[in-house]
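J.: A structural model of the following input is requested.
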Amino acid sequence: MNGPDHSGAPDGRVDDTAARVPLPRSPAGPERPGLPHEVLRSLLGAWALAACSTAETEAVEEHLGECGPCADEARRLREAVGLLHRPESLEVDPTLRNRVLENCLRRRPPRIPVPEWAASYDAETARLDALLRDFGDAEWHTPVRLRWFEAGVPATRRTTVAGVIAHLLSVDGMVATALGLEDPLTDAVAKAGPDVRGAAGPAGRTEAFWRASHFPQTRAVRGRWRDQSHQLLRTVSFTGGSGGFPVGYGDFTLPLRDAMVDRAFECWVHADDIAKAVHYPYAPPAPRHLSRMIELAARMLPLAVAAHRGAAPAGTPGRSLRLEIEGAAGGQWLIPLDSPADPVPEHEVAHVALDGVEFCRLAAGHLTPEETTAGQRGDRDAIRDVLTATASLSRM
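T.: Below you'll find the model as predicted:
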């Protein structure tokens, strides 16, 4: 501060640590004491920081209306406090990790880089692990409700935060076995009943893991899930190649490159489920990762539409719907309505526009087609069929 020195401090700064003068109280409430100018001057720093008592505040503010030099000093102090206390969120920027890593890798590229098609899995597992890091015992047992679509209708399953991580461990294990790694569920499946043992898909494996434990899952499952995710990333970095060899999901298969994006998508969806259960904010993936998830869902839609609509009506080949995903991660796709074959742009009968995150929530079974706020134009039946088929991409 460059104002005149009225504080008595050796360096000319206002001394806001001066001893407070006791303020007498009466049954009628705090009084405004007749304090000398020097004491009121010494209280300006505390006043600027809103650290004065009610009586002190009233006394200082009454004095500021009468003393020009103190009023100027008070204004300068308030401006300084405003500079020191900018309103900033305490939440870490979700893009910080990626920016730090990219900056480090530009300086020293890794000898064995993670393939680009596995980068979204790397980012989403790291974000979820950061969310879980400081959870106490109570948070691990917080109820979480899994949601998806089954046979065209919403389905739910109640579990806990630890149960969700066990589910991710179970399904990630299908990728692990395809890569020749140890299946984390070998013992669990062997102990499960025959109804679960025969179910080779994600739901069956998860049920087997849940039933094999005599006690509810605890925080210990985090270490197993994290170690497996690290193993997956190391293995695809060394041996993944183009990511073309298949990963079985029970009743369907995906190329490894698509399976890693699928696992990143489910990791984000369930991390968001956990965050909502513990009332914690959780941001969507970075646009470049979200774009891969949207693109995978859009590529899977033609088969889902064909399964939903059944046999194509006679005499209507080549009809299509234009799906437009808005935002930085978006794009446009022509979705065939009559067969999974290449659609004909000239036979476009409908157009749907959706926000990217909302499209992903629909594909995860967390929204119904009726709950979407899609911009729609054209054939209403075709629009309803495509939105319903999008929800059918979800699973437990």
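
J.: Next one, pLDDT for residue 264 please.
T.: Listed pLDDT for residue 264 reads 98.

J.: Could you give me the buried positions within whatever helix or strand it lives in?
T.: When elements are assigned from DSSP states H and E, residue 264 belongs to helix 256-277. When neighbours are counted by 16 or more other CB atoms under 10 Å, the buried residues of helix 256-277 are found to be 256-275, 277. (C-beta placed from N, C-alpha, C; glycine too.)

J.: for stretch 377-387, same thing?
T.: 379, 382-383, 385-387.

J.: cool, stretch 57-68 as well?
T.: By neighbour count, with 16+ other CB under 10 Å as the criterion, the buried positions of stretch 57-68 are 57, 59-60, 63-64.

J.: Can you give the distance of it from its chain's centre?
T.: The offset between the C-alpha centroid of stretch 57-68 and the centroid of the whole chain comes to 50 Å, using CA atoms, centre = their mean, to the nearest Å.

J.: Please apply the same query to stretch 51-58.
T.: Relative to its parent chain, stretch 51-58 has a centroid offset of 44 Å by CA atoms, centre = their mean.

J.: Low-confidence bits of the stretch 101-250 of the chain, can you list those?
T.: 101-102, 104-111, 188-200, 214 (pLDDT under 70).

J.: What's the end-to-end length of stretch 246-253?
T.: Using CA to CA, to the nearest Å, the end-to-end distance of stretch 246-253 comes out at 6 Å.

J.: Surely residue 287 is in contact with residue 330?
T.: No - under the contact definition of CB atoms under 8 Å, residue 287 does not touch residue 330, with a separation of 9.1 Å.

J.: which of the two has more neighbours?
T.: Neighbours were tallied for residue 287 and for residue 330 using other CB atoms under 10 Å; the higher tally belongs to residue 330 (19 against 15).

J.: picking up where we left off before, and the helix holding residue 264, what does it pack against?
T.: Contacting helix 256-277 under the criterion 3 or more CB pairs under 8 Å, 6 or more residues apart in numbering; DSSP states H and E are the following elements: helix 119-132, strand 143-150, helix 161-178, helix 220-239, strand 246-248, helix 287-309.

J.: Report the angle between the first one and helix 161-178.
T.: This means helix 119-132. For helix 119-132 and helix 161-178, the angle between their directions (axes from the mean of the first three to the mean of the last three CA atoms, to 10 degrees) works out to 150 degrees.

J.: Can you spell out which helices and strands pack onto the following helix or strand past helix 119-132?
T.: Toward the C-terminal end, the helix or strand that comes next after helix 119-132 (DSSP H and E) is helix 137-140. Counting contacts by 3+ CB pairs under 8 Å, 6+ apart, helix 137-140 is packed against helix 161-178.

J.: Report the backbone C-alpha coordinates of the helix it packs on in CSV.
T.: Once side chains and other backbone atoms are set aside, the C-alpha atoms of helix 161-178 remain, and they are given as CSV (Å, rounded to 0.1, in the frame of the first residue of the first chain):
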residue,chain,number,x,y,z
VAL,A,161,-19.9,-48.6,-5.2
ALA,A,162,-17.7,-51.7,-4.6
GLY,A,163,-20.2,-53.8,-6.6
VAL,A,164,-19.9,-51.5,-9.6
ILE,A,165,-16.1,-51.8,-9.6
ALA,A,166,-16.5,-55.6,-9.3
HIS,A,167,-18.8,-55.4,-12.4
LEU,A,168,-16.1,-53.4,-14.3
LEU,A,169,-13.5,-55.9,-13.2
SER,A,170,-15.7,-58.8,-14.4
VAL,A,171,-16.3,-57.4,-17.9
ASP,A,172,-12.8,-56.0,-18.4
GLY,A,173,-11.7,-59.6,-17.7
MET,A,174,-13.2,-60.7,-21.0
VAL,A,175,-10.7,-58.4,-22.8
ALA,A,176,-8.0,-59.8,-20.5
THR,A,177,-8.7,-63.4,-21.5
ALA,A,178,-8.7,-62.5,-25.2
